[in-house]
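Engineer: I need the structure of the sequence given here:
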Amino acid sequence: MMRSTQAFSHGLFFLAGVFLNTGLNLTQTSVSGPNAALSAAPEAALALRSAAAPECPKCPAPVECEECDHDCEGRSPDSPDSPEDTPLQHECEPCQEESGCPDLYASRPPEFQSVQVDFGGAADDKIRSAESLLAAALKSTGFEAIAGHVAAKTTGETVITFAGGFTRLDAYLWPETGAVSIDLHTNTSFDLVPFVPALAQNFGVNVQNVRWKIFTREPAASGDRLMFGKNDLTVQMLEGEGTFYRRRLSNFQSKYQNIQVWETDDNEPIEPGVEMNRILYLDETQQSAADDEIIYHEHLIHPAMLAHPTGAKKVAILGGGEGASLRETLRHSTVTEAYMIELDGGVVEESKKYLQQMNNCSFGEPGYKSCFDDPRTRLVLEDCVGWFKNRFKGDACAGAANESKFDVIVMDLLDPEYKAEGEFAKYLYSKKQIETLACALNDDGVFVAQLGESPFQMSRLPGDSKNKEYAFKVDIVDMISRHFAPYGTFVYSRFIPSFKGPWTYVLACKSTACVERWHSNIAAVDLAKRQRLIPAAYNQVGFDGASQAKIQQIPLEWQELYCDHTPGSPSCDFLRMRSAEDGALTPESYLTADSDSKSITVARAVGTNVNVGMYGGAAALEVPRSTLEALRTFADAHNLSEHKQVVSWFDKYSQSCDLMGGRVFVPLNSVMSLVDQGCGETAIAARASLPVLSKTQNDTYWNPPLMRHAREFCTAARATKGLEKGTVLRTGTHSSCPQ
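Structural biologist: I've put the predicted structure just below:
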């Protein structure tokens, strides 16, 4: 966004220290032009205030506190270097009171704010009435008795100053151009957002053409400096990072949290008729942005719904108060009941008023302007943890009736990062809660949740530890996986522009059929989408088979995080194993075979525990196990001899593997595949079998290396001892190994 050279030219961080001191006359201020240096460091401001305070004698030597057994510094005489938790008492307190040392911050409001506003197009009569218009805007914002006066007037420029208490306003006006530039600095906790539309209204300009920023600074706990308070709302809306126009539509304090909805537009000038972006903030943290929420919610809902083996009928959504997760769920024609369990009804009501595009279910026959009006919706305004306990009489795992269970459960709640901040978040990602949700699913059910920010791809250099803060998420995914099908828990991510980074999801299948559907090819997913979505909603959903193909592979950063967090993992060690293909441009160049492949000989030496099966995996024909069984059934039902021959060929030469819902592999043109792996006295170990999993082993049901490199694991072979050049690996005709 381009900025006017005139805008904000009079100092972004003007901190006039004089008005921090209530002992000074704040109406007597020095004034200069807009290009003058009007800034002062926070330390200077504090110094000015301290100069007016009495000299504060230091506390005398520690005074023993007989009754509380602590000295004046709050340390136990028995442990002089270890501050106790017990607060100072009795004789310890007068030490501070009698010194005459007031707390520097005790009489000052809790935060320091400044707002900077620039606009043009003010009429001449508005410029002449600026003093009264500014006073009215201040009053409407909560500032009452603040004196104002024309501090300076030069050719082409007027400066008006208001000052009083903990507040100062400087306004610069250029009558010839109708330009107005304002700085307001205050040590009050007033909400400064209404000041901007009040100015626009009073000066008769379109608020969409007003540029403004609000900066908030909070005193540190130590009281020795001013600190910036940074959160999503502050950076994106108040400071306006990369945003030209923004307007607050709602500011509602519910029983549980502050709810704000903002309207924004990045274009300058704003294009007429274009729907603006709207963003939902809960306690100043961004939740959803209308411009790109479709990306987040499609990737939360549709992978789980399409992976369900028969089409989900009963769905539970935990959270999701704006209604977008509900909207995507209701696009599926198989859904008969969609429960949305949201604690804060205020979020639902504010979303109905200001975020209609996020909960519009006008697709289908009949359509519903609000998804909350769809008869399939079951809106439950309760704590989801308590609701599940009540629904399943305290224990979902104690033989709950099937009619109470769900086909899909969606957890659209707090990011795991909030675990450290509250008991609810801790319980939400606890073993007990995950077990409850798993038991609340039918036997072919699907669980999906958002896991917050994605880890970074590591540099793999010694000492690279930037992902350690995400290591706890490995434990969460591992905990989830233990309640679902083996190799049936998947982590995927999607870049969300308004989140400014990739976001992580976890999806877990209770059945092998679900696992196989997750790994469906592009055409199969496109077919499922057409079969299951309400026809009128089909073209409104961007998620398709190609989208599914992108998320089927666990991201590399999660594999790295897993291996870094799981020392001794056999699957991680497998990835580090040397291969006979390393540095060789020709596949299987370490082998030679005669014309009829009856004799296969080692052409160059191969070391011990070297992977010799990589080319076999790369060249293998892969077929889902269920597809092979379907072909067998089809061939038998129609007595098709050629189809039976294909099945027989697979039975003889394929390698079966439990990954990806069950796969069979046939290496098509690999010489190594002709070697009787593991038969007789050969030095080639049989293909790598998957580890037998238990809850005590390092490799778990969720195993990123294994799942990312499934073909390599399923077709792997290794040299159990060194292979010398000239070693004969196979003679005679090929035969299958004995069972």
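Engineer: for this protein, which spans come out with low pLDDT?
Structural biologist: Counting by pLDDT under 70, the chain shows low-confidence ranges at 1-111, 145, 218-229, 242, 268, 418-422, 458-467, 597, 676-700, 731-739.
Engineer: Please repeat the previous calculation with a cut-off of 50.
Structural biologist: Low-confidence segments of the chain (pLDDT under 50): 1-110, 220-228, 678-682, 686-698, 733-739.
Engineer: how far out from the middle of the chain is stretch 232-252?
Structural biologist: From the chain centre to the centre of stretch 232-252 is a distance of 20 Å (Cα atoms, centre = their mean, to the nearest Å).
Engineer: Can you give the contact residues for stretch 495-507?
Structural biologist: Where contact means Cβ atoms under 8 Å, 6 or more residues apart in numbering, the residues beyond stretch 495-507 that reach it are 279, 286, 289, 291-293, 295-296, 299-300, 303-304, 307, 446-454, 473, 476-477, 480, 489-494, 518, 555, 558. Every residue, glycine included, has its C-beta placed from N, CA and C.
Engineer: Kindly recompute the last result at 6 Å.
Structural biologist: Stretch 495-507 is contacted from outside by 289, 292, 295-296, 303-304, 448-451, 454, 477, 490-494, using Cβ atoms under 6 Å, 6 or more residues apart in numbering.
Engineer: Contacts only, for Val408.
Structural biologist: Contact analysis of Val408 by Cβ under 6 Å, 6+ apart lists Ala304, Ala312, Val315, Val446.
Engineer: In strands only, show me the residues you listed.
Structural biologist: Applying DSSP state E to these, the entries found in strands are Val315, Val446.
Engineer: Mind checking which of the contacts of Val408 are buried?
Structural biologist: Buried residues within these, defined by neighbour count using 16 or more other Cβ atoms under 10 Å: Ala304, Ala312, Val315, Val446.
Engineer: tell me the SS of the closest residue to the first one other than its chain neighbours?
Structural biologist: Ranked by Cβ to Cβ, 6 or more residues apart in numbering and with sequence neighbours excluded, the top spatial neighbour of Ala304 is Val448, at 4.1 Å. When classified by DSSP: H, G, I helix; E, B strand; the rest coil, Val448 comes out as strand.
Engineer: what do you get for Lys153?
Structural biologist: strand.
Engineer: and it, how many neighbours does it have?
Structural biologist: Other residues lying near Lys153 total 11 when counted by other Cβ atoms under 10 Å.
Engineer: Next one: it from Asp118, what distance?
Structural biologist: Going from Lys153 to Asp118 by Cβ to Cβ, to the nearest Å gives 20 Å.
Engineer: Just the buried residues of the contacts of stretch 495-507.
Structural biologist: Among the contacts of stretch 495-507, those scoring as buried are 289, 295-296, 303-304, 448-451, 454, 477, 490-494 (criterion: 16+ other Cβ under 10 Å).
Engineer: Which of the contacts of stretch 495-507 fall within strands?
Structural biologist: If you go by DSSP E, the contacts of stretch 495-507 have Ala289, Val448, Ala449, Gln450, Leu451, Phe490, Val491, Tyr492, Ser493, Arg494 in strands.
Engineer: who touches the fifth one in this structure?
Structural biologist: When you say that, I think you mean Leu451. Counted by Cβ under 6 Å, 6+ apart, Leu451 has contacts Pro416, Lys473, Thr504, Val506.
Engineer: just the fourth one next, same as before
Structural biologist: Gln450 makes contacts with Tyr505, as judged by Cβ under 6 Å, 6+ apart.
Engineer: can you rerun that using 10 Å?
Structural biologist: 296-297, 299-300, 319, 325, 410-416, 503-506 (Cβ atoms under 10 Å, 6 or more residues apart in numbering).
Engineer: Those residues in helices, which ones?
Structural biologist: Here DSSP state H is the test, and the contacts of Gln450 give Tyr296, His297, His299, Leu300, Ser325 as lying in helices.
Engineer: Can you tell me which of these has the most neighbours?
Structural biologist: Counting neighbours by other Cβ under 10 Å, Ser325 comes out on top of the ones in helices among the contacts of Gln450 with 30 neighbours.
Engineer: List the contacts of that residue.
Structural biologist: By Cβ under 10 Å, 6+ apart, the contact set of Ser325 is 288, 293, 296-297, 300-301, 315, 317-319, 338, 340, 358-359, 371, 410-412, 448, 450.
Engineer: go with 8 Å
Structural biologist: Ser325 sits next to His297, Leu300, Ile301, Ile317, Gly319, Met340, Val410, Asp412 when contact means Cβ under 8 Å, 6+ apart.
Engineer: how far away is it from Ala316?
Structural biologist: Remark: distance between Ser325 and Ala316 (Cβ to Cβ) = 11 Å.
Engineer: joint contacts of those two?
Structural biologist: Val410.
Engineer: what's Tyr470 in contact with, if anything?
Structural biologist: Glu453, Pro455, Leu561.
Engineer: any idea how far the first one lies from Ile476?
Structural biologist: By that I understand Glu453. Separation of Glu453 from Ile476 (Cβ to Cβ) stands at 13 Å.
Engineer: Cool, thanks, signing off.
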